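*Asks:* quick one, structure for this:
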Amino acid sequence: MKSIILITGASTGFGALAARALARSGHTVYASMRGTTGRNAEQVKEVKKFAAENNVDLRAVELDVASQESADTAIQTIIAECGRLDIVIHNAGHMVFGPAEAFTTEQYAELYDINVLGTQRVNRAALPQLRKQREGLLIWVSSSSSAGGTPPYLAPYFAAKAAMDAIAVQYARELARWGIETSIIVPGAFTGGTNHFAHSGRPADTARVAEYEAGPNKGLGEQIQKAFAAIVPPDADASTVADAIVKVVDMPFGKRPFRVHADPTEDGADVAFAVSDRVRQELLRRVGLEDLLKPATSPIKGN
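*Replies:* A predicted model of the protein is given here:
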C-alpha cells in the first residue's frame, strides 16, 4: 500500500538514498532539506530529475529541522497536497570530529539542536496529524555508537545520537495507544556513500586542538580515522541502510521490528541494545503496561 512519507535531511547520504529507494518502492516521498532555493538547489533538481527518469513520486520540500516554523510549514504543505501523512523518518543529523575539550559549549548546543531538538520540532509538527489518523509510523535513524564500541574524538556526536535514541524509545511507548508504530534503524560506521566524515565539523577552539597535538595525543585523530577505515569491509554499502528502511516501511502494520541493525563493522551494538531493550520491556511488563510495547489496532482503519 502506498504511503505518504517525509524524510528529513534527504539532500545527501542515507536520506537521499532512502528517499529514492522508497520512491522506487511505490511510495510518495517528500525528501526534505534546507535551502531548496539556495545551497541545495542542485539537489532539488536531482530529485526532480530522478522522479521523471524513474516515473516515481519523489518530491523535494523545504524543511530546516532547526526551525519550528519551517517544520510546521513543511508538514502543512504535505497535508495540503496529500490529505494525510503516514510515515516520518528522522534522518537529519550532523557529525563533528576532534578532542571533546576543544569544542565550545555553543558547538555542543548546536549539534544537540540539530540531531535531537530537530526531531522534536518535526514531531510537534507531524504528530497531531498522525494521532488524528490513529495510525502511523516513526522511523528514527540512530547510531551503533549509542550502545556499541566507540572511538575517541566523536564525543559530541555520540552524545547527541544517544540522546536521540533514548527519546525515540520513550516516544514509542507514548504513541503506542494512538496506533503509531516505531522502528529504530541503527547504522554502524560507513566511510563511503555518505558525507558524514567529509562534512564533519571541527572544534572551534583551535588552540586547544594544538595543545592536544603537541602532547601525548599527537596524531591520535589520524590514527582513529585510519583505524575506523580499516574495520569497515571494502564492500560496505551505505545503501543497505536505505534497503533496511524500505523493508520496514513495506512490512504490515504491527509486524515491524522495533530495532534494525545495519552495521558492517559489527561493533557490538546489536548485543548491547538487545539487553537494554529487553530490560526496558520487562519493566513495563512488571508494572502492568505491557500494551505500550505494541501499537494499538487503529479503531478508524481497523488494522
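*Asks:* any regions of the stretch 151-300 of the chain where pLDDT drops low?
*Replies:* For the stretch 151-300 of the chain, applying pLDDT under 70 flags the ranges 191-199, 298-300.
*Asks:* what ranges do the helices span in it?
*Replies:* Per DSSP state H, counting those that start in this stretch, the stretch 151-300 of the chain carries helices over the ranges 155-175, 206-214, 220-231, 239-249, 269-286.
*Asks:* which residues touch the fourth one?
*Replies:* Read that as helix 239-249. 3, 5, 14, 17-18, 20-22, 25, 27, 87, 89, 137, 139, 141, 183, 185, 187, 190, 193, 256-257, 260, 262, 264 (CB atoms under 8 Å, 6 or more residues apart in numbering). Where C-beta positions appear, they are placed from N, C-alpha and C, glycine not excepted.
*Asks:* please apply the same query to stretch 44-61.
*Replies:* Outside stretch 44-61, the residues within contact range by CB under 8 Å, 6+ apart are 6, 19-20, 23-24, 26-33, 36-37, 43, 74, 77-78.
*Asks:* ok, now stretch 278-290?
*Replies:* 169, 173, 292-293.
*Asks:* with distance to residue 245 and neighbour count added, can I get those in JSON lines?
*Replies:* What follows is these, written out as JSON lines (distance: CB to CB, whole Å; neighbours: other CB atoms under 10 Å):
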{"residue": "169", "distance to residue 245": "18", "neighbour count": "19"}
{"residue": "173", "distance to residue 245": "22", "neighbour count": "16"}
{"residue": "292", "distance to residue 245": "24", "neighbour count": "16"}
{"residue": "293", "distance to residue 245": "22", "neighbour count": "14"}
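*Asks:* how about stretch 204-215, which residues are buried there?
*Replies:* 208-209, 212 (16 or more other CB atoms under 10 Å).
*Asks:* residue contacts, residue 224?
*Replies:* Residues counted as contacts of residue 224 (CB under 8 Å, 6+ apart) are 151-153.
*Asks:* now swap in residue 293 and tell me
*Replies:* Per CB under 8 Å, 6+ apart, neighbours of residue 293: 173, 176, 281, 284-285.
*Asks:* residue 187 now?
*Replies:* 14, 141-144, 241, 262-263.
*Asks:* distance of residue 281 from residue 289?
*Replies:* 10 Å (CB to CB, to the nearest Å).
*Asks:* who's more crowded, the two?
*Replies:* Between residue 281 and residue 289, residue 281 has the larger neighbour count (other CB atoms under 10 Å), namely 15 against 12.
*Asks:* residue 76: how many residues sit nearby?
*Replies:* 12.
*Asks:* and it, that's in a strand?
*Replies:* No - Residue 76 is assigned helix when assessed by DSSP: H, G, I helix; E, B strand; the rest coil, not a strand.
*Asks:* quick check: the gap between it and residue 70.
*Replies:* For residue 76, the distance to residue 70 equals 11 Å [CB to CB].
*Asks:* can you check residue 118 too?
*Replies:* From residue 118 over to residue 70 (counting by CB to CB), the distance is 10 Å.
*Asks:* of these two, who's got more company?
*Replies:* Neighbours per residue, other CB under 10 Å: of residue 118 and residue 70, the larger number sits with residue 118, 25 against 19.
*Asks:* quickly find the element holding that one.
*Replies:* Taking DSSP states H and E as the criterion, residue 118 maps to helix 118-133.
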